[in-house]
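Chemist: This is the structure alone, sequence omitted:
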């Protein structure tokens, strides 16, 4: 199905949020995930359904500063 | 307080702004801003805040200037290599604007001193380079009730995020805990385009000044992510998380902890293999400091 990932439309296989992470080869421990502006708990990534047109934000940790 | 003729000239471009004026400039002169980390983000933030006439700038950093810092830590000069960063930064600030009082702390920002430090300031700027410290700053500012301007940079990307404690989403509302050690690359490992520090640190300084002046709309409940390669800023809406371990409905983080220490203790067999000996209390600090911060 087609969903929006970080502002870009992408075709991803599967039906839950975790499938989108897997399709992009992203370790769930490396990101905070928002689905339609609401945070998805890490434990719920595999059970939160996705539907076409959903907006996903993968927020990566960004730790530098010095 | 009254400004001298010289000060009126120095700050004239601020005073001309109807939103600032003499009244706003006085607020800036009375402000106390703590910059945690006198490095990449801290350098531009400190320089612009000093130029703006912030009354008191607190600087905390226990590191010395390394040659590899100079590519982005613009407050330090070649002749400063080997000197304490807080001392080097203080000299530049005072040369730029003698109106500014610099309070230097040649120390690490840790659970033992964090709350006392933030309580002494009106706004805090995060200019550190590691997750344990970023989480500690977030926690200390929430517990101390102080606004925080968070910043982060890596490779060609940067992020800014302002937090008003108890009013807007905090860092833990989004990232509940630090990533497992080693999973996320640091600037030291992955590199960073030096100018990213300037872009992000300067936005942090802007946010701090807006908070001091009470003007505009703070960068709260939205993260500003910067992608230098495509020269694109994106705003990501975030909101307070009722399950946030710090500011949620049932908080589990109720006191400050040094995350690296906990990690060190948890990973003690592996850590010992790498030549790091977990030790109790503050004695562990120098070891973990070297490991996590290094010469970034």
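Modeler: Done, it's in. Everything quoted here is computed from the prediction, not taken from an experiment.

Chemist: now the host helix or strand of residue B:124: mean pLDDT?
Modeler: Residue B:124 belongs to strand B:123-126 when assigned by DSSP states H and E. Regarding strand B:123-126, the rounded mean pLDDT is 98.

Chemist: Which residues belonging to it are considered buried?
Modeler: For strand B:123-126, the neighbour count (16 or more other Cβ atoms under 10 Å in any protein chain shown) marks B:123, B:124, B:125, B:126 as buried. Yep, even glycine has a C-beta here, placed from its N, CA and C like the rest.

Chemist: just the residues you listed now: which is nearest chain A?
Modeler: If you rank those by distance to chain A using Cβ to the nearest Cβ, residue B:126 comes first, at 6.8 Å.

Chemist: returning to what we had before: could you name the helices and strands sitting against the strand holding residue B:124?
Modeler: strand B:32-36, helix B:131-144, strand B:148-154, helix B:195-213 (3 or more Cβ pairs under 8 Å, 6 or more residues apart in numbering or on different chains; DSSP states H and E).

Chemist: Quick one: closest of these to chain A.
Modeler: Of these, nearest to chain A by Cβ to the nearest Cβ is strand B:148-154, at 3.5 Å.

Chemist: which is the next helix or strand following that closest one?
Modeler: strand B:157-163.

Chemist: before we move on, back to that, which one of the helices and strands packed on strand B:123-126 has the most crowded surroundings?
Modeler: strand B:148-154 (a mean of 29; mean count of other Cβ atoms under 10 Å in any protein chain shown).

Chemist: what's the closest non-adjacent residue to residue B:128?
Modeler: Spatial nearest neighbour of residue B:128, excluding adjacent residues (Cβ to Cβ, 6 or more residues apart in numbering or on different chains): residue B:37 at 4.3 Å.

Chemist: Contact partners for the one you found?
Modeler: By Cβ atoms under 8 Å, 6 or more residues apart in numbering or on different chains, residue B:37 lies in contact with A:65, A:66, B:60, B:61, B:109, B:126, B:127, B:128, B:129, B:133.

Chemist: Distance to residue A:30 added to these, as JSON lines?
Modeler: Below are the contacts of residue B:37 laid out as JSON lines (distance: Cβ to Cβ, whole Å):
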{"residue": "A:65", "distance to residue A:30": "18"}
{"residue": "A:66", "distance to residue A:30": "21"}
{"residue": "B:60", "distance to residue A:30": "29"}
{"residue": "B:61", "distance to residue A:30": "28"}
{"residue": "B:109", "distance to residue A:30": "25"}
{"residue": "B:126", "distance to residue A:30": "20"}
{"residue": "B:127", "distance to residue A:30": "23"}
{"residue": "B:128", "distance to residue A:30": "20"}
{"residue": "B:129", "distance to residue A:30": "18"}
{"residue": "B:133", "distance to residue A:30": "19"}
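
Chemist: So which of these sit within helices?
Modeler: The members of the contacts of residue B:37 that map onto helices under DSSP state H are residue B:133.

Chemist: any idea which of the contacts of residue B:37 is closest to residue B:153?
Modeler: residue A:65 (6.1 Å; Cβ to Cβ).

Chemist: re the thing from before, select, out of the helices and strands packed on strand B:123-126, the one closest to residue A:57.
Modeler: When the helices and strands packed on strand B:123-126 are ranked by proximity to residue A:57 (Cβ to Cβ), strand B:148-154 comes first, at 15.9 Å.

Chemist: which helices and strands does that closest one pack with?
Modeler: strand B:123-126, helix B:131-144, strand B:157-163, helix B:187-190, helix B:195-213.

Chemist: Which residues does that strand contact?
Modeler: A:61-65, B:40-41, B:123-127, B:134, B:137-138, B:141, B:158-163, B:165, B:171, B:185-187, B:190, B:192, B:196-197, B:200-201, B:203-204, B:207-208, B:211, B:219.

Chemist: with the contacts of residue B:37 in mind, which one is nearest to residue B:12?
Modeler: Distances from residue B:12 to the contacts of residue B:37, taken by Cβ to Cβ, are shortest for residue B:127, at 29.0 Å.

Chemist: Could I get the full set of helices for the chain?
Modeler: Since no chain was named, I'll use chain A. Under DSSP H, chain A gives helices at A:17-23.

Chemist: The chain in question should be chain B.
Modeler: Counting by DSSP H, the helices of chain B are B:5-10, B:12-15, B:21-30, B:42-52, B:85-96, B:114-119, B:131-144, B:171-174, B:187-190, B:195-213, B:259-266, B:268-273, B:285-292.

Chemist: Off-centre distance for the longest one?
Modeler: If I follow you right, that is helix B:195-213. 10 Å (Cα atoms, centre = their mean, to the nearest Å).

Chemist: That helix vs strand B:32-36, what angle?
Modeler: 150 degrees (axes from the mean of the first three to the mean of the last three Cα atoms, to 10 degrees).

Chemist: just checking, what packs against helix B:195-213?
Modeler: helix B:21-30, helix B:42-52, strand B:123-126, strand B:148-154, strand B:157-163, strand B:222-227.

Chemist: Show me where the stretch 151-296 of chain B dips below the pLDDT cut-off.
Modeler: Scanning the stretch 151-296 of chain B for pLDDT under 70 picks out B:187, B:260-296.

Chemist: burial of the residue lying closest to residue B:228 once chain neighbours are set aside, as a residue count?
Modeler: Closest residue to residue B:228 apart from its sequence neighbours, by Cβ to Cβ, 6+ apart: residue B:156 at 4.3 Å. Neighbours of residue B:156 under the rule other Cβ atoms under 10 Å in any protein chain shown: 15.
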